[in-house]
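> when you get a sec, could you give me coordinates for this:
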Amino acid sequence: QLQLVESGGGLVQPGGSLRLSCAASGFTLDRYAIGWFRQAPGKEREGVSCISSSGRSTNYAGSVKGRFTISIDNAKNTVYLQMNSLKPEDTAVYYCAAGRLLFSRCMLSGRYDYWGQGAQVTVSS
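Residues are numbered from 1 along each chain as shown. Modelled structure (predicted):
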């Protein structure tokens, strides 16, 4: 069974940090582009970051560039999203996704085949 499982969400104060993990089972991530998306209440799902199947290329939304870092550990078959300097506007459910797609399309949610269940991130004082 192909599955993605996110973990690491929670409540953090503004300026704080969290690291989200996305563990894959049933397939190996090194053959897939991986994306992180988020959806806040009343808003559409938006692309946050993505990494190519080789792990050599990454992309970030302008709103998180310089604060978030995506990485992959192929030995653990896990992708991470390190989130620093968190802001209240980062509050959302975060999803990871895997797909066989062109890296140029990796910030588009409609291109992905597999999705995790989501992890809640709340930034509040």
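
> what ranges do the strands span in the chain?
Secondary structure of the chain (DSSP state E): strands located at 3-7, 10-12, 18-25, 33-39, 46-51, 58-60, 68-73, 78-83, 92-99, 114-115, 119-123.

> what packs against the fourth one?
Put plainly, it is strand 33-39. Strand 33-39 is packed against strand 18-25, strand 46-51, strand 68-73, strand 78-83, strand 92-99, with contacts defined by 3 or more Cβ pairs under 8 Å, 6 or more residues apart in numbering; DSSP states H and E. Where you see a C-beta, it was placed from the backbone N, CA and C, and this is true even at glycine.

> and the angle from it to strand 3-7?
Orientation note: strand 33-39 sits at an angle of 50 degrees relative to strand 3-7 (axes from the mean of the first three to the mean of the last three Cα atoms, to 10 degrees).

> now the third one
Taking the same axes, to 10 degrees, one finds that strand 18-25 is oriented at 160 degrees with respect to strand 3-7.

> please enumerate residues in contact with strand 18-25?
1-10, 12, 34, 36, 76-83, 86, 94, 96, 98, 116, 119, 121 (Cβ atoms under 8 Å, 6 or more residues apart in numbering).

> double-check residue 125 against residue 15; I have them as touching.
No. The criterion here is Cβ atoms under 8 Å, and residue 125 misses it with residue 15 at 9.3 Å.

> out of the two, which sits in the more crowded spot?
residue 15 (11 against 8; other Cβ atoms under 10 Å).

> skipping its backbone neighbours, what lies nearest that one in space?
The shortest distance from residue 15 to any non-neighbouring residue, by Cβ to Cβ, 6 or more residues apart in numbering, is to residue 85 (6.1 Å).

> quick check: that neighbour vs residue 65, distance?
11 Å (Cβ to Cβ, to the nearest Å).

> between these two, who's got more neighbours?
residue 85 (13 against 10).

> roughly how far does the residue nearest to residue 5 when sequence neighbours are not counted sit from residue 7?
Distances taken as Cβ to Cβ, 6+ apart place residue 23 nearest to residue 5, at 5.0 Å, with adjacent residues excluded. Counting by Cβ to Cβ, the gap from residue 23 to residue 7 is 7 Å.
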